[in-house]
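>>> The sequence and its predicted three-dimensional model are supplied below.
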Amino acid sequence: QIDGIGTHAASVIIYDRPEGYDTLTPRGALAAGAGGAAGVAAAVENGLCDEGADVLVNVLGGELIVKILSAAPWLADPQYTLILQPQTDADSLRAWLSEHGFYEDCAALAADAGFIYCVLRARFGKTEALSPGQRFVSPALRSSDSPLLGEYISRTVRTLRRIAAGLEKADANPEPERLN
């Protein structure tokens, strides 16, 4: 028998840890939806920081995380600490956070299966506009002293160069070839 909470739709499930407990270890299963995307968003009262709650959003692209955060305006409150791990589009996520009053105060890199992922902590209340470059490599990430930072920056530069080359090629040939 399995006891707990289940959902088949986009949902927020909040567990409030009882007084006197130090940890909460939820267990669950996560299946990809019809579009192939799957993710977790969890809020734990008095979790990782002393003041307020922590909200964890991971296993998603940055643009999907933005959609989740946009649908939760209650997060625009200093009591919440966001722990975010975008697998793609971290630049879009950072831009949205900055434009909506959040700031990234901590970042870390992790390597897995040949990929380098960024995990960031963001809070509401103090924000500074990010330059285009800081959207890709934030000040918090630059000050992280991660041994993966050099490789992360190199991969980001290579990706941006490929995008620029594709744009140049498209500009040079404005009429696409048609397949007959």
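Sure thing, it's come through.
>>> hey, which helix or strand in the chain has the poorest pLDDT?
When each helix and strand of the chain is scored by mean pLDDT, DSSP states H and E, strand 40-45 comes last, with a mean of 47.
>>> What are the buried residues along the top helix by length along the chain?
Among the elements of the chain assigned as helix by DSSP state H, the one spanning the most residues is helix 149-172. Applying a neighbour-count criterion of 16 or more other C-beta atoms under 10 Å, one finds 149, 152, 156 buried in helix 149-172. Using the backbone N, CA and C atoms, a C-beta is placed for each residue, glycine as well.
>>> now do stretch 135-145
135, 136, 137, 138, 140, 141, 144.
>>> what's the model's confidence in that stretch, averaged?
Per-residue confidence for stretch 135-145 averages out to 92 on the pLDDT scale.
>>> In TSV, list the buried residues of stretch 135-145 along with secondary structure and distance to residue 65.
Output for these, formatted as TSV (DSSP: H, G, I helix; E, B strand; the rest coil; distance: C-beta to C-beta, whole Å):
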residue	secondary structure	distance to residue 65
135	helix	14
136	helix	16
137	coil	18
138	coil	15
140	helix	17
141	helix	16
144	coil	20
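>>> just those now: which is nearest residue 164?
residue 136 (13.4 Å; C-beta to C-beta).
>>> so that closest one touches residue 156, yeah?
Yes. Contact between residue 136 and residue 156 holds when scored by C-beta atoms under 8 Å: they sit 5.1 Å apart.
>>> Any regions of this protein where pLDDT drops low?
Low-confidence segments of the chain, defined by pLDDT under 70, are located at 1-18, 22-54, 58-59, 174, 176-180.
>>> residue boundaries of the helices in this protein?
62-70, 90-99, 132-136, 139-142, 149-172.
>>> With residue 77 as the reference, name the closest of the ones you listed.
Using C-beta to C-beta, the nearest of these to residue 77 is helix 62-70, at 12.4 Å.
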